[in-house]
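Colleague: can't give you the sequence, but here's the structure:
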């Protein structure tokens, strides 16, 4: 199966330490594998484990992993330590009596004393949530890869369509070449007769030699054979599937080179038109293989 490098997957849970956890994985095409993480300070220690899982699942692409943790039910409630407040108040009243001061203490001042007002941490225990986070990551990766596989199926169909169009170009040029050679032979013979005049008629041997040279310059049989071979290899790779993006990229470069050479060697209006059309299909191949893993 062919896999694209474009995909998205997400997974969430609300069962960890009163927090709603969500992992999102996005992937776009890239020449190599690059990984970007947005984990937040609480989960930064999990970055090596997360990157290792992404590398095991993907060979190419720019993969972004975003992890968020939001407390369920809003912010954590503060807690007043009444026993600590009473001890503080007793001590302060005693001190006020010794110093002859009024034993009055505003509530706000009492709450500001250390240990009286306790606010639970807004963060989550990352190590305690490690297993849950990695399980969510695995689910998100699985969904992202499923989307990449679906996209890969569409990519394979489009690649086959443009490869078939390129194969038709090969057939048309093969059929056209004898006509091209005959046309150039007639034009060459007429031109030589015009230049030499009746006093120096061209012998059949001279004409045969010039035609042989011309045919050699126009000969694109090797390019056509290599094109057919490249297209056969391309179909073989598509049938095999897997992580074949780099091989397809190289193969399409070779296909473009052969088409371009045919256009340069074969001086014929029809073939020139077909070459332009073929280059359009090969360019489509080149664009599409950039997104194959």
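Modeller: Yep, it's here. None of the values given here were measured: they were computed from a predicted structure.
Colleague: Which parts of the stretch 51-200 of the chain are helices?
Modeller: 82-99, 107-111, 130-196 (DSSP state H, counting those that start in this stretch).
Colleague: where among these is the average confidence lowest?
Modeller: Mean pLDDT values for the helices of the stretch 51-200 of the chain show the minimum at helix 107-111, a mean of 76.
Colleague: Now do the buried residues in that helix.
Modeller: residue 110 (16 or more other C-beta atoms under 10 Å). The way it works is simple: take the backbone N, C-alpha and C, and place the C-beta from them, glycine included.
Colleague: Farthest from the middle of this structure: give me that residue.
Modeller: Residue farthest from the centre of the chain, counting by C-alpha atoms, centre = their mean, is residue 100 at 78.0 Å.
Colleague: So for residue 58, which of the helices of the stretch 51-200 of the chain sits nearest?
Modeller: The closest of the helices of the stretch 51-200 of the chain to residue 58 is helix 130-196. By C-beta to C-beta, the value is 7.8 Å.
Colleague: which other helices and strands contact the closest one?
Modeller: strand 7-16, strand 19-28, helix 47-57, strand 61-71, helix 204-218, helix 221-240, helix 245-265, helix 269-289 (3 or more C-beta pairs under 8 Å, 6 or more residues apart in numbering; DSSP states H and E).
Colleague: Need the per-residue pLDDT for the spatially closest residue to residue 85 that is not a sequence neighbour.
Modeller: Counting by C-beta to C-beta, 6 or more residues apart in numbering, residue 85 lies nearest to residue 116, which is 5.0 Å off, once chain neighbours are set aside. Residue 116 is assigned 75 on the pLDDT scale.
Colleague: quick one, what contacts residue 38?
Modeller: 64, 65, 66, 67 (C-beta atoms under 8 Å, 6 or more residues apart in numbering).
Colleague: measure it to residue 24 for me?
Modeller: 9 Å (C-beta to C-beta, to the nearest Å).
Colleague: Overlap of the contact sets of those two?
Modeller: 65, 66.
Colleague: Over to the spatially closest residue to residue 151 that is not a sequence neighbour: give its phi and psi.
Modeller: Closest residue to residue 151 apart from its sequence neighbours, by C-beta to C-beta, 6+ apart: residue 4 at 3.4 Å. Per-residue torsions, residue 4: phi -80, psi 170 (degrees, to the nearest 10).
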